[in-house]
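# Could you work out the structure for the sequence below:
(one chain, ligands or ions: 1)
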Amino acid sequence: MISGFSKLSKVEKIDYLVENYFSGSKRVKSEIKAFWHDNPDSQRIFDEFSENTITNFYCPYGVVPNFLLNDKIHMVPMVIEESSVVAALSKAAKFWTSRGGFRAQVIDTEKLGQVHFMWKGETAKLQKFFDENYENILAHVTPLTKNMEKRGGGLKSMSLVDMTEHEDNYYQIKASFETCDAMGANFINSVLESIGSFLRENIPACDFFSDEEKDVQVVMCILSNYTPNCLVKAWVECGIEELYEPSHEMSAQEFVDKFTRAVRIAQIDVHRATTHNKGIFNGIDGVILATGNDFRAVEACGHTHAARDGQYRSLTKTHVYDGKFRFEIEIPMALGTVGGLTALHPLAKMSLDMLNNPSAKELMMITASVGLAQNFAAIRSLVTSGIQKGHMKMHLMNILNQLEATDNEKEIVRKEFEHKVVSFKAVRDLLESVRALQ
Ligand code: MEV
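Predicted coordinates:
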């Protein structure tokens, strides 16, 4: 046990860790430092994002070119460590570019928050207090909301929710927000805390409550990451015959049947649904990370949406009608293109520049379309060649790097495996024989 770790300087923290967890290894110490930014000012920015930082954890930053969405071409930044994701996405983007591209639409951008509190008494009396004080609550939070109101957002509405059926004396104030181009977590939480303090101050002072009813316990004030009405829809559509590709080794109709069945399986089977949606988040998370958004919030929200009818299901669906194939996703996601990390992280800023500084709504559409594209790529591989072909091709590089292959060795092995099944053992054996000949 160590007390006061956070008070140590960065170098002292590293010394402590290396001494106690890496047997004083000089190599580990220099590896930790090797990942520091050359420029101390830039490094300070990263250090200050979090507590107890000792170094940076690098992740590949890739770009998906020519992503056609709503008739506009985008270069999509992706931060993701999984080898095959950007390649698969690029292929899907290319495939759909020649078939009209992706379409997307934001349905709504409502964010939500809750003040959870305990109060004992007649619900009708609490409702009367809430109704009579509705405008007072709005006035109470005005110092916090006025700037957001100037931008067209703010606290839009509130309701009192009786939760006593689930828990004795439990109520909520559920508040609806518009946060424009900000994700809005800090704004929402500050407003909610202010509503909480209004309740604490004004319920005890209210004349028509009995002494017992004057007692209120605010349990917590916090946004909800489940924002069912911060919703975006994205889709692709083309004639069935346009889906014919020689490499699929089947007719367009067979492809559509297999594809549709695969999506249907993810609608009805929870195990498949989880993997299916994971593939969607391979795409979504890459954009979310690259643009400095909160991928945990987006994941949590997406998964809740996937389980909204009580069973966890696919986030995408297919429609086949009048000789046409349509593939779509509907997903709630709360994103921001101003504030938070988007302004602080130099690469998040660069990603937004690369996307032509989109509004939050535009970023929602890009992100949802990328999730759909990723899902299309995965299902297409699964129902045609199988997933391992593409996966292992990319994974081959990881294996070769792990085995410290030179560029020349990589080239020789890559050629050999062009039409062979990749496995760690097979790659190692081949590399050994190549090395033996050198
Ligand atoms: C791998 O990261 C993602 C997939 O498993 C998704 C899927 O199965 O749909 C390929």
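
# The worst-scoring helix or strand of the chain on mean pLDDT - contacts with which helices or strands?
Considering only helices and strands, the least confidently modelled element of the chain by mean pLDDT, DSSP states H and E is helix 388-402, at a mean of 80. The helices and strands touching helix 388-402, judged by 3 or more CB pairs under 8 Å, 6 or more residues apart in numbering; DSSP states H and E, are helix 85-97, helix 407-416, helix 424-437. For glycine as for every other residue, the C-beta is placed from the backbone atoms N, C-alpha and C.

# Quick one: distance of the last one to the chain centre.
Right, the one you point to is helix 424-437. The gap between where helix 424-437 is centred and where its chain is centred comes out at 40 Å by CA atoms, centre = their mean, to the nearest Å.

# try the second one
Here helix 407-416 shows a centroid-to-chain-centroid distance of 36 Å under the convention CA atoms, centre = their mean.

# What residues sit buried inside it?
For helix 407-416, the buried set under the neighbour-count rule, 16 or more other CB atoms under 10 Å, comprises 409, 410, 412, 413, 416.

# In CSV, list the residues you listed along with distance to the ligand and pLDDT.
Formatted as CSV, these follow (distance: CB to the nearest ligand atom, whole Å; pLDDT from 0 to 100):
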residue, distance to the ligand, pLDDT
409, 28, 91
410, 24, 89
412, 28, 91
413, 24, 91
416, 25, 89
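
# Give me the domain ranges for the chain.
5-47, 62-108+228-385, 111-224, 391-436 (automatic domain parsing).

# Quick one: end-to-end distance for the third one.
Think domain 111-224. 8 Å (CA to CA, to the nearest Å).

# about what we covered before: just the domains of the chain: most buried one?
Of all those, domain 62-108+228-385 carries the top mean neighbour count, a mean of 19, counting by mean count of other CB atoms under 10 Å.

# Please render the helices and strands packed on helix 388-402 as a markdown table that adds distance to residue 247 to the earlier fields.
Supplementary listing: those in a markdown table, determined by distance: least, CB to CB, whole Å:
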| stretch | distance to residue 247 |
| --- | --- |
| helix 85-97 | 10 |
| helix 407-416 | 20 |
| helix 424-437 | 24 |
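
# which SSE is residue 325 in?
In this structure, residue 325 sits in strand 324-332 according to DSSP states H and E.

# after that strand, next one along is what?
The next secondary structure element downstream of strand 324-332 (using DSSP H and E) turns out to be helix 341-344.

# Check which helices and strands the helix or strand just after that next one sits against.
Read in the C-terminal direction, the helix or strand following helix 341-344 is helix 346-354, with elements assigned using DSSP H and E. In this structure, helix 346-354 makes packing contacts with strand 72-79, helix 270-290, helix 341-344, judged by 3+ CB pairs under 8 Å, 6+ apart.

# could you give the mean pLDDT of the longest one?
The one in question is helix 270-290. The pLDDT scores in helix 270-290 average 98.

# tell me what that helix is packed against?
Secondary structure elements in contact with helix 270-290, counted by 3+ CB pairs under 8 Å, 6+ apart, are strand 72-79, helix 85-97, helix 252-268, helix 295-306, strand 324-332, helix 346-354, helix 360-383.

# same thing but 7 Å
strand 72-79, helix 85-97, helix 252-268, helix 295-306, helix 360-383 (3 or more CB pairs under 7 Å, 6 or more residues apart in numbering; DSSP states H and E).

# How about the last one?
Packing contacts for helix 341-344, counted by 3+ CB pairs under 7 Å, 6+ apart, involve helix 346-354.

# One more pass at 6 Å, please.
Secondary-structure packing of helix 341-344 (3 or more CB pairs under 6 Å, 6 or more residues apart in numbering; DSSP states H and E): no helix or strand packs against it.

# heads up, I number from 24, so please use that
Yep, numbering from 24; the last one is helix 364-367 now.

# Mind exporting the C-alpha coordinates of it to PDB?
Coordinates of the C-alpha atoms in helix 364-367 are reproduced here as PDB (Å, rounded to 0.1, in the frame of the first residue of the first chain):
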ATOM      1  CA  LEU A 364     -12.200  17.200 -25.100                       C
ATOM      2  CA  THR A 365     -13.200  18.300 -28.600                       C
ATOM      3  CA  ALA A 366     -11.500  21.600 -28.000                       C
ATOM      4  CA  LEU A 367      -8.600  20.400 -25.800                       C
END
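
# Which residues does that helix contact?
Applying CB atoms under 6 Å, 6 or more residues apart in numbering, the contact partners of helix 364-367 are 315, 359, 371.

# List, one by one, the residues from the stretch 174-323 of the chain near the ligand.
By the rule CB under 6 Å from any ligand atom, the part of the stretch 174-323 of the chain lying against the ligand is 298, 299, 301, 302, 305.

# Go through the helices and strands packed on helix 369-377 and name the closest to residue 447.
Of all the helices and strands packed on helix 369-377, it is helix 293-313 that lies closest to residue 447, at 22.4 Å by CB to CB.

# And the closest one, how far out from the chain middle?
8 Å.

# And stretch 427-447, by the same measure?
Remark: stretch 427-447 is offset 34 Å from the chain centroid, using CA atoms, centre = their mean.

# now the end-to-end length of that stretch.
As for stretch 427-447, its first-to-last residue distance stands at 13 Å under the measure CA to CA.

# ok, now stretch 186-198?
Its first and final residues considered, stretch 186-198 spans 15 Å by CA to CA.

# ok, now stretch 79-86?
This stretch, stretch 79-86, spans 21 Å end to end (CA to CA).

# Which residues does that stretch contact?
Stretch 79-86 is touched from outside by 58, 69, 98, 100, 101, 102, 104, 109, with contacts defined as CB under 6 Å, 6+ apart.

# restrict those residues to those near the ligand?
The overlap between these and the neighbours of the ligand (CB under 6 Å from any ligand atom) is empty.

# Mind telling me the two of those farthest from one another?
For these, the maximum inter-member distance is 26.8 Å, found between 58 and 98 (CB to CB).

# Quick one: mean pLDDT for the host helix or strand of residue 38?
Secondary structure from DSSP H and E places residue 38 in helix 33-44. Mean pLDDT, computed over helix 33-44, is 97.
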